[in-house]
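Asks: this one's structure only:
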Ligand code: SF4
Ligand code: SF4
């Protein structure tokens, strides 16, 4: 995609830069057949074809960048199913983000978005206490307040609040659990680890598994403590300017760390660092970035000195949209999982169907997100897996909440945790 910083006085300069994408759409409707949102609500403006038509109307001056337009444009999972299926190669995902960028530049950005994206996320140290406080208040409100009460009027995300189960925020974030450099005997590579907010705040054990696996595979791991959020939720909301600041900051931090490459364990962070910084935000992020499954199967020769398992564990795998369709990583995690001893891998139907998380989509449109998740559960049920495995903390949170709500016994794990568990203990130099 072209650099979006086009020199135009137009009100919708980002949309204008995408004219070639608009021209490519032949209105065939193939995207409707794969859109999980359209399947749920059968509403044309919520599909890629509908959104392309709306954006085209803005471009032609037939429609304003109105509040109604903003609602339709924001109402998308960014699952990229439409992009994958489109016979004309229309990048509806980029078109939608460009429309959001024009809206933000016109000041159509809510107070909450401004507060979170421009102030809170920027100050990374504030995130753990704020997340802990927000989940505590939310959980307490669920327990003590009746479903119908006047306070509901003040909730930022009122839909389904009474049944939400919030993720447990770690007492000690990942970044405080590890030294800045974890070395090993005769390291073959110096690898930068971009851990991301989900791992740092909710799944520090995933970060520890990453360190164990990387050091076991003869990599020195550099974990810069001043790294900032990748910014995916920020630029996905249309705030490209703040997104660019995050990209530049992370680039400088990892350059200064003099690493050979960066590894990530989150589909969305990986997509951001690997592609979106460059292609969408125009920041030349010239350090190689790999998802951990890609790194282990394609960059280094992953060790397979596994310990003897105790019995058999049944697992299945859910493809994160941003890992699979965003980065084209589908076979790599399966290759790792199928190599592990004591693991029975059962492929679920429609493993690559979106779980309904969609970043902050599930917060804003909870009933619809729940409907999309229901289809995943229908496909999961016949497998009776011990673990649902995936490569994105965002998906992990959404599945965990659903399993807890339904009282299901299944647990959720990141691919790297199963691999770390299969290696002998005493490998983590931090222990
Ligand atoms: S976006 Fe692609 S799949 Fe959808 S209507 Fe246009 S050409 Fe067809
Ligand atoms: S990104 Fe997903 S939810 Fe959004 S229009 Fe495309 S298929 Fe539908």
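Replies: Perfect, thanks for sending it. Computed from a prediction, not measured in an experiment: that's the story for all the values here. Ligands and ions are numbered 1, 2, ... in the order given.

Asks: contacting residues for the closest residue to residue 350 other than its chain neighbours?
Replies: Nearest residue to residue 350, sequence neighbours excluded (C-beta to C-beta, 6 or more residues apart in numbering): residue 379, at 5.4 Å. C-betas here are computed from N, CA, C, even on glycine. Residue 379 makes contact with 348-351, 353, according to C-beta atoms under 8 Å, 6 or more residues apart in numbering.

Asks: Relative to ligand 1, which of those residues is nearest.
Replies: residue 353 (17.6 Å; C-beta to the nearest ligand atom).

Asks: Assumed the closest one was part of a helix.
Replies: No - looking at residue 353 with DSSP: H, G, I helix; E, B strand; the rest coil, it is coil, so not inside a helix.

Asks: all strands for the stretch 301-431 of the chain, in order.
Replies: 313-318, 343-345, 387-390, 411-414 (DSSP state E, counting those that start in this stretch).

Asks: closest one to residue 190 among the ones you listed?
Replies: strand 411-414 (23.2 Å; C-beta to C-beta).

Asks: ok, the nearest residue to residue 307 once chain neighbours are set aside - how many residues close by?
Replies: Nearest residue to residue 307, sequence neighbours excluded (C-beta to C-beta, 6+ apart): residue 424, at 5.1 Å. When neighbours are defined as other C-beta atoms under 10 Å, residue 424 has 10 of them.

Asks: And residue 424, its phi and psi?
Replies: Dihedral angles of residue 424 (phi, psi; degrees, to the nearest 10) stand at phi -60, psi 150.

Asks: picking up where we left off before, JSON lines please, covering the strands of the stretch 301-431 of the chain and showing mean pLDDT, distance to ligand 1 and mean neighbour count.
Replies: Output for the strands of the stretch 301-431 of the chain, formatted as JSON lines (pLDDT from 0 to 100; distance: least, C-beta to the nearest ligand atom, whole Å; neighbours: other C-beta atoms under 10 Å):
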{"stretch": "strand 313-318", "mean pLDDT": "97", "distance to ligand 1": "25", "mean neighbour count": "21"}
{"stretch": "strand 343-345", "mean pLDDT": "96", "distance to ligand 1": "33", "mean neighbour count": "16"}
{"stretch": "strand 387-390", "mean pLDDT": "98", "distance to ligand 1": "27", "mean neighbour count": "23"}
{"stretch": "strand 411-414", "mean pLDDT": "97", "distance to ligand 1": "33", "mean neighbour count": "21"}
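
Asks: buried stuff in the helix or strand of the chain with the lowest mean pLDDT?
Replies: Across the helices and strands of the chain, mean pLDDT, DSSP states H and E gives its lowest value to helix 111-113, namely a mean of 79. Applying a neighbour-count criterion of 16 or more other C-beta atoms under 10 Å, one finds residue 113 buried in helix 111-113.

Asks: List the buried residues for the helix or strand that comes right after that helix?
Replies: Next helix or strand after helix 111-113 toward the C-terminus (DSSP states H and E): helix 127-144. Buried residues in helix 127-144, counted by 16+ other C-beta under 10 Å: 127-128, 130-132, 135, 138, 141.

Asks: Check the offset of helix 127-144 from the chain's centre.
Replies: 22 Å (C-alpha atoms, centre = their mean, to the nearest Å).

Asks: helices or strands up against that helix?
Replies: Judged by 3 or more C-beta pairs under 8 Å, 6 or more residues apart in numbering; DSSP states H and E, the packing partners of helix 127-144 are helix 196-201.

Asks: State the mean pLDDT of the helix it packs on.
Replies: In this model, helix 196-201 has a mean pLDDT of 96.

Asks: Against which helices or strands is that helix packed?
Replies: Using 3+ C-beta pairs under 8 Å, 6+ apart: helix 196-201 touches helix 127-144, helix 204-216, helix 393-406.

Asks: mean confidence score for the second one?
Replies: Summarised as a single mean, pLDDT over helix 204-216 is 98.

Asks: cool, and the first one?
Replies: Taken as a whole, helix 127-144 carries a mean pLDDT of 81.

Asks: need the buried residues of helix 127-144 in CSV with distance to residue 369, can you?
Replies: Shown next, in CSV, are the buried residues of helix 127-144 (distance: C-beta to C-beta, whole Å):
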residue, distance to residue 369
127, 23
128, 25
130, 23
131, 20
132, 23
135, 18
138, 16
141, 20
